[in-house]
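**Student:** pasting the structure only:
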């Protein structure tokens, strides 16, 4: 059994694409996500797998914000 979250093909394809594009933008514009992406690439992961891992991390941050009702704090959420 695989550990962790993943993005599968059963969901809305437009939402999946939007999350993928958001992850690609985060990699380009945010140092934390860029470093995470590069770490995965250095481990031999493909571009797509690394971007989807960033997308999963973004989704976990968004979910925690919605669930808790708190405001975004980069120092706290980058620990997830």
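**Tutor:** Yep, it's here. None of these values were measured; they are calculated from a predicted model.
**Student:** show me the shaky parts of the chain.
**Tutor:** 1-8, 77-80 (pLDDT under 70).
**Student:** please, where are all the strands along it?
**Tutor:** In the chain, no strands are defined using DSSP state E.
**Student:** in it, where's the longest helix?
**Tutor:** Among the segments of the chain that qualify as a helix by DSSP state H, the longest is helix 47-68.
**Student:** now that helix: buried residues?
**Tutor:** Within helix 47-68, the residues that qualify as buried are 50, 51, 52, 53, 54, 55, 56, 57, 58, 61, counting by 16 or more other CB atoms under 10 Å. Where C-beta positions appear, they are placed from N, C-alpha and C, glycine not excepted.
**Student:** could you find the closest non-adjacent residue to the fifth one?
**Tutor:** It stands for residue 54. residue 23 (4.3 Å; CB to CB, 6 or more residues apart in numbering).
**Student:** confirm for me that that neighbour is in contact with residue 33.
**Tutor:** Yes. Counting by CB atoms under 8 Å, residue 33 is a contact partner of residue 23 at 7.5 Å.
**Student:** contacts only, for residue 45.
**Tutor:** residue 53 (CB atoms under 8 Å, 6 or more residues apart in numbering).
**Student:** what about it, distance to residue 76?
**Tutor:** Plainly put, residue 45 is 26 Å away from residue 76 if you go by CB to CB, to the nearest Å.
**Student:** and for residue 17?
**Tutor:** 28 Å.
**Student:** what do you get for residue 9?
**Tutor:** For residue 9 relative to residue 76 (CB to CB), the value is 32 Å.
**Student:** kind regards, and thank you for your time.
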